[in-house]
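Trainee: sequence unavailable; structure follows:
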């Protein structure tokens, strides 16, 4: 039976939502959420969305959502931190500060079979992000985290004002795998985010006070250049085609490309191992 409405202005929705959502129901939800404040969107999500987690790299918008949720509910959605093993020391410090400030546990996921940078580079080689960026994004363990934890929806820190692929962001989206992505601060501009952080004394990455505007892995993050005021300035410097991290690109396309490359790499290594050793016997000279 389809959901009814209690009056003409306030629609009602299943609690919890029945997944997968039809396009019609997704459009109806977004029409409702679009006019709400971030706090109201988060309150609605906690009440309606099943299997809800927050995936965060502890950027400013994600931190704002964490702070808001701490005031909305005593049982906020669990936090997931994707540890690529290449975060700045300041980022790891911030994770611990957030855990202490909000009394939160964090599910930390690293690339499978890797606990350290040394483990990762032994498995994939040094500067793997340069050699094969698509596969580097793919081996990040987000999908494994979602499968093991039973994640059906994630809260993100994405905002439309960040531009590029995020310019037409909606409050609630469904990716190619069926995962729901809630973007509670989709309509906020950076000054709103900064105002909230300052007013509520939200913990923030120390690198933001050192010339960085957006913080990711240390190898793909640089201080913003003079005059460059883009919100994500300094991310993926020199890679104009790269505007989004592996968490928010088409998973199936990324998976297909990455698996093809990994298979090619494996076959190449097997071919080297099975190739006969070159003969070391001296050449025999014959006289005329």
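Mentor: Happy to help now that I have it. Everything quoted here is computed from the prediction, not taken from an experiment. Residues are numbered from 1 along each chain as shown.
Trainee: state the mean pLDDT of whichever strand or helix holds residue 46.
Mentor: Taking DSSP states H and E as the criterion, residue 46 maps to helix 38-48. For helix 38-48, mean pLDDT is 98.
Trainee: stretch 102-110 now?
Mentor: In this model, stretch 102-110 carries a mean pLDDT of 96.
Trainee: how about it: buried residues?
Mentor: Using 16 or more other CB atoms under 10 Å as the burial criterion, the residues of stretch 102-110 that qualify are 102, 104, 106, 109, 110. Every C-beta, even on glycine, is put in place using the N, C-alpha and C of the backbone.
Trainee: and of the residues you listed, the nearest to residue 49?
Mentor: The closest of the buried residues of stretch 102-110 to residue 49 turns out to be residue 104 (CB to CB; 19.0 Å).
Trainee: OK, contacts around that closest one?
Mentor: 66, 76, 79, 98 (CB atoms under 8 Å, 6 or more residues apart in numbering).
Trainee: where are the low-confidence patches of the protein?
Mentor: 1-8, 137-140, 224-263, 265-270, 272, 275-288 (pLDDT under 70).
Trainee: what are the boundaries of the strands in it?
Mentor: Per DSSP state E, the chain carries strands over the ranges 52-55, 79-82, 106-109, 153-155, 172-174, 180-182.
Trainee: closest one to residue 90 among those?
Mentor: It's strand 79-82; of those, that one is closest to residue 90 (CB to CB) at 14.3 Å.
Trainee: now do the helices in the stretch 101-250 of the chain.
Mentor: Assignment of helices within the stretch 101-250 of the chain using DSSP state H, counting those that start in this stretch yields the ranges 117-124, 128-131, 133-138, 142-149, 190-199.
Trainee: and the closest residue to residue 76 other than its chain neighbours, how far from residue 135?
Mentor: Once flanking residues are discounted, residue 76 sits nearest to residue 69: 3.9 Å by CB to CB, 6 or more residues apart in numbering. Counting by CB to CB, to the nearest Å, the gap from residue 69 to residue 135 is 34 Å.
Trainee: nearest spatial neighbour of residue 47, skipping sequence neighbours?
Mentor: Spatial nearest neighbour of residue 47, chain neighbours left out: residue 15 (6.1 Å); criterion: CB to CB, 6+ apart.
Trainee: coming back round to it: highest average neighbour count across the helices of the stretch 101-250 of the chain?
Mentor: Neighbour counts (mean count of other CB atoms under 10 Å) averaged over each of the helices of the stretch 101-250 of the chain peak at helix 133-138, with a mean of 20.
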